[in-house]
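Asker: Following is a predicted model, sequence given first.
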Amino acid sequence: MKNIIRIFIFWMVVYPVFADWKECYFRGTPNDWSCDKMEKTGNNLWSKVVEFDTKKDKNMNFKISRYQNWEEAYPLNDYIITVSGKYEIIFNDETRKIYVQKLSEGSWENCYFRGTPNS
């Protein structure tokens, strides 16, 4: 009987950690720590584009949460962004890893002259 109780307690504790994520939320200084739903983009992957303004606040940081409360949130310590710009935040709910990529703000790499040149 004790073994059955131990197994039951084990599954009550462990199963929710490994169960599929139904939702995923971005929470941080850009949205005043409210819950912004992330988009599921693949198996175990969630994505959100967020704009960080380090001029407004030097320590722009965030977490990813499973629920609209703080019951389960990653990483343990806040993820910190130190350079302003738009970022794509990708979260893997299986590995609990966060990938951050700064998005290009456009470039003049391909610039073409059109019109009549002044002589």
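Answerer: Yep, that arrived.

Asker: The spatially most central residue of the chain is in what secondary structure piece?
Answerer: The centroid of the chain falls nearest to residue 89 when counting by CA atoms, centre = their mean (4.1 Å). According to DSSP states H and E, residue 89 maps onto strand 85-92.

Asker: contacting residues around the residue lying closest to the residue nearest to the centre of the chain once chain neighbours are set aside?
Answerer: Once flanking residues are discounted, residue 89 sits nearest to residue 48: 5.0 Å by CB to CB, 6 or more residues apart in numbering. Backbone N, C-alpha and C define where each C-beta goes, glycine included. Going by CB atoms under 8 Å, 6 or more residues apart in numbering, residue 48 touches 26, 36, 38-39, 88-89.

Asker: Return the members of those residues classed as buried.
Answerer: 26, 38, 89 (16 or more other CB atoms under 10 Å).

Asker: CSV please, covering the residues you listed and showing pLDDT.
Answerer: Putting these into CSV (pLDDT from 0 to 100) gives the following:
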residue, pLDDT
26, 98
38, 98
89, 98
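
Asker: Let me have those in TSV, adding distance to residue 20 as columns.
Answerer: TSV is the format used below for these (distance: CB to CB, whole Å):
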residue	distance to residue 20
26	19
38	15
89	20
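
Asker: pLDDT weak spots in the protein?
Answerer: Counting by pLDDT under 70, the chain has low-confidence residues at 1-19, 106-115, 117-119.

Asker: which residues in it form strands?
Answerer: Using DSSP state E, the strands of the chain run over residues 25-28, 36-37, 39-42, 45-52, 60-65, 73-81, 85-92, 97-102.
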